[in-house]
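In: Need the 3D shape of this:
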Amino acid sequence: MDRRVFLTSTAALAAAWAGAPPIAMAATPEDARLRAILDSFWEADLDEAPQLATSFGVDTGKRAAQRGRLDDVSSAARARWVAARKARLAQLSVIDQAKLSSMGKTDLDVVQYAYRKIVEGGERFTFGEGGYYAPYSPFVISQLSGVYQSTPDFLDSVHPVKTASDAEAYLARLAAFAGTLDANTADFRQDAARGVLAPDFALDATLGQLRRLRSPSPQEHGLTTSLARRAGEAKIAGDWAARAAAIVSAQIYPAVDRQIAAVQAARPQATPEPGIWRIPDGEAFYAGALAFQTTTNLTPDEAHQIGLKQVADLDARMDVLLRAEGLTQGTVGERVAQISKRPDQLYANTDAGRAELLQALNVQTDAMRAKMPRAFQTLPKTPVEIVRVPPEIEDGAPNGYATAPTLDGSRPGRFYINLKDTAEWPKFTLPTLTYHEAIPGHQWEGAIALSSTEIPRLRQV
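Out: Below is the predicted model:
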């Protein structure tokens, strides 16, 4: 599990239920039977996904060995993951929905829907990323996908280094990283041979990020310095920097070189067309992804028309506001661009400017948290950290994203903002992003879900 896995459609529904007024929902024996099955699924997920276990702080006790492992990202593991969801549907078929409470019916409906869509897509679309992304993340390697960009972030921001055993587990994961890179490379080659490739401009960004991953000396690489810094802070004696650098040099860099070579070899096949329809069975893939993400029966054309209508409505409303500011010439987009260039709307593109921007986001978040009692009965106290996207992945990273806190609260939720160029963040644009990613958006939503005692853990994450 990497930084992009935080809230699925099921968790969003969980949060909606958790934030709603209390409803009388007497549990039934069939509810208990369903909960036992769903809890067994969650336990199996933790057993199969070491990074998931670490992300939620449960890689301890019987799962302590998980802390030294990475998720299996091979195509074989992907097929097993889809097959397991099919087997789970068979397990759920024994539940008598008529005997469930309203909450139990919701739990069953949500999980069955998600698994059906995963199986439908996974059996038809045998390409792309595996695990929590299967089957609707089409590219094994792109500017947004691939362990090359997710694992360094995971090791630095999620893997704990508080004891010597944590540091040893870090080194074990570092060595395993070379294997997952090669697994991605093998699947990338296989998919490319079938015509499944990201657009050329995306592959160019991917190559740029891969080269930046490869460019530092092993001793100065973030994979080395992260362990050395945190081991030093925790006063853990050992030659951690030298051992990490040796792994980076002997194992990781050769694997990165192999991946760069594979992407370079496939680059001439890529086209500038961004539409997913261009890949084999692409139109069906898009329709399946749409159904999975929206839980509707909308066709792509119907969804597109909704989007066009919403954009037209927003344009009309923005036009009124812009005219009130004296901006009457040009399209709405052109007038917004004018505001974006005003000096009073820009932060300096320096470390000091970035620090000022992050401070402003924290002020916005604190102010919004204070307003939450006006809209919510459940008021989680989980802290939120607002941090910069790691510079080495800024080129391909989205503008913002969130990661979940641990279940015990030992690590807060985080909202990452891409600060490659502060000019991309005029001051008037920042509240929307902050509210979406932090409070009352993903971090708030996730904290409510995780604090619920009624929702099965499987639906919370």
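In: Can you give the domain ranges for the chain?
Out: 1-138+279-296, 143-278, 298-329, 341-460 (automatic domain parsing).
In: now for those, which one comes closest to R335?
Out: For the domains of the chain, the distance to R335 is smallest for domain 298-329, at 4.3 Å, taking Cβ to Cβ. For every residue, glycine as well, the C-beta is placed using N, CA and C.
In: Take the domains of the chain and write them to JSON lines, including distance to R335.
Out: Formatted as JSON lines, those follow (distance: least, Cβ to Cβ, whole Å):
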{"stretch": "domain 1-138+279-296", "distance to R335": "32"}
{"stretch": "domain 143-278", "distance to R335": "27"}
{"stretch": "domain 298-329", "distance to R335": "4"}
{"stretch": "domain 341-460", "distance to R335": "11"}
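In: Compile the ones you listed into TSV and extend it with columns for mean pLDDT and mean neighbour count.
Out: Below are those laid out as TSV (pLDDT from 0 to 100; neighbours: other Cβ atoms under 10 Å):
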stretch	mean pLDDT	mean neighbour count
domain 1-138+279-296	85	18
domain 143-278	96	18
domain 298-329	96	12
domain 341-460	89	17
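In: what separates R35 from S101, distance-wise?
Out: 11 Å (Cβ to Cβ, to the nearest Å).
In: same deal with R173?
Out: Taking Cβ to Cβ as the criterion, R173 is separated from S101 by 42 Å.
In: next helix or strand past the longest helix along the chain?
Out: With DSSP state H setting the assignment, residue counts place helix 164-193 as the longest helix in the chain. Once helix 164-193 ends, the next helix or strand along the chain (criterion: DSSP states H and E) is helix 200-214.
In: Give the next helix or strand downstream of that following helix.
Out: Going C-terminal from helix 200-214, and assigning secondary structure by DSSP H and E, you next hit helix 222-233.
In: contacting residues around A423?
Out: The contact partners of A423, taken as Cβ atoms under 8 Å, 6 or more residues apart in numbering, are S340, L346, N349.
In: gap between the second one and L155?
Out: Right, L346. For L346 relative to L155 (Cβ to Cβ), the value is 34 Å.
In: The first one too?
Out: According to Cβ to Cβ, S340 and L155 sit 36 Å apart.
In: Over to the last one?
Out: Between N349 and L155 the distance, using Cβ to Cβ, works out to 28 Å.
In: thought A169 was touching G68?
Out: Yes: judged on Cβ atoms under 8 Å, A169 makes contact with G68 at a distance of 3.9 Å.
In: Who does the nearest residue to H442 once chain neighbours are set aside form a beta bridge with?
Out: Excluding its sequence neighbours, the residue lying closest to H442 (Cβ to Cβ, 6 or more residues apart in numbering) is A402, at 4.2 Å. Using DSSP bridges, the bridge partners assigned to A402 are F415.
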